[in-house]
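In: Everything below, folded, please.
(one chain, ligands or ions: 2)
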Amino acid sequence: MSLYAIGDLHLSLGSDKPMDVFGGGWSNYIEKIKAGFSHLESEDVCVLCGDTSWGMSLEESLEDFCFLNQLPGRKIILKGNHDYWWGTATKLRSFFEQNGIDNIDILHNNSFVYEGTAICGTRGWLIDSESDAEQNSKIMAREVSRLRMSLESADDALDKFCFFHYPPRFKNMVCQDIIDVMNEHCVKNCWYGHIHGSGHRFAVQGEAEGIFYEMVSADFAGFAPKKII
Ligand SMILES: [Fe+2]
Ligand SMILES: [Fe+2]
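Out: Ligands and ions are numbered 1, 2, ... in the order given. Down below sits the predicted model:
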């Protein structure tokens, strides 16, 4: 039994969003994802770090969820900036139940436990220059509160891992508010996605001020879930 993570599968089986326009790595990516997951066993767990489906609604994403459901392992998904189909956790869970999607769980203000280690996280945020300062701080405060809720729900766990869509560190940017919450809860390891193509070279990976960072965007990870433990 193992724990894996991968982000940004960008599935579009029920919508018209070809990914091969983004370059070599994305050609035939559905087959690559299938091959990447073929190493997992049914009892393994894989955290999907956002940007899972291009569907604009749950109905448009259904084919993508069915595809994921057939892949081995239990999937825990969190929200990415392109997951427009995302709704309340209750709505998502009931949609999955109605459609026989039985191995996808939602990470949203909650946590899961994998062999004593808590799986926590939230979408996160990357301060951008296109949003004004007030908007940036409002979004950051919301994400900080979601992360706090997720970590507090796992207070009894021996160890806590954090998963994000947006990187807490990227280039010379540091999301100190998010990092402060990880430090408050003694989090030492986190994984994230969102960064693609030419952005990969700016990713922060490895240890930085006591926390280990690893990027698992699908096109960076060779479309194969990264084994964590
Ligand atoms: Fe993405
Ligand atoms: Fe993204």
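In: Can you get me a residue count around the nearest residue in space to residue 1 that is not next to it in sequence?
Out: Counting by C-beta to C-beta, 6 or more residues apart in numbering, residue 1 lies nearest to residue 43, which is 4.9 Å off, once chain neighbours are set aside. No exception for glycine: its C-beta is placed from N, CA and C like everyone else's. Using other C-beta atoms under 10 Å, residue 43 has 10 neighbouring residues.
In: Next, name the residue at the spatial heart of the protein.
Out: In the chain, the residue lying closest to the centroid (C-alpha atoms, centre = their mean) is residue 49, at 0.9 Å.
In: ok, the nearest residue to that residue once chain neighbours are set aside to residue 98 distance?
Out: Of all residues not flanking residue 49 in the chain, residue 7 sits nearest, at 3.2 Å (C-beta to C-beta, 6+ apart). According to C-beta to C-beta, to the nearest Å, residue 7 stands 27 Å off from residue 98.
In: Please say which of those two ends up with more neighbours.
Out: Ranked by neighbour count (other C-beta under 10 Å), residue 7 and residue 98 place residue 7 first, with 31 against 9.
In: what bridges to that one?
Out: Per DSSP bridges, residues listed as beta-bridge partners of residue 7: residue 217.
In: State the number of residues packed around residue 131.
Out: Using other C-beta under 10 Å: residue 131 sits among 13 other residues.
In: For it, which non-adjacent residue is closest in space?
Out: Leaving aside its sequence neighbours, residue 131 sits nearest to residue 139 (C-beta to C-beta, 6+ apart; 7.4 Å).
In: got the buried residues for the helix or strand hosting the one you found?
Out: Counting by DSSP states H and E, the element that carries residue 139 is helix 133-152. For helix 133-152, a neighbour-count test (16 or more other C-beta atoms under 10 Å) marks 136, 139-140, 143-144, 146-148, 150-151 as buried.
In: Could I get the residues you listed in a markdown table, plus columns for pLDDT and distance to ligand 2?
Out: Output for those, formatted as a markdown table (pLDDT from 0 to 100; distance: C-beta to the ion, whole Å):
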| residue | pLDDT | distance to ligand 2 |
| --- | --- | --- |
| 136 | 88 | 17 |
| 139 | 93 | 14 |
| 140 | 94 | 16 |
| 143 | 97 | 14 |
| 144 | 98 | 19 |
| 146 | 98 | 17 |
| 147 | 98 | 17 |
| 148 | 98 | 22 |
| 150 | 98 | 19 |
| 151 | 98 | 22 |
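In: pretty sure residue 204 is touching residue 167, no?
Out: Yes: in this structure, residue 204 is within contact of residue 167 by C-beta atoms under 8 Å, at 6.6 Å.
In: what touches both of the two?
Out: Counting by C-beta atoms under 8 Å, 6 or more residues apart in numbering, the common neighbours of residue 204 and residue 167 are residue 213.
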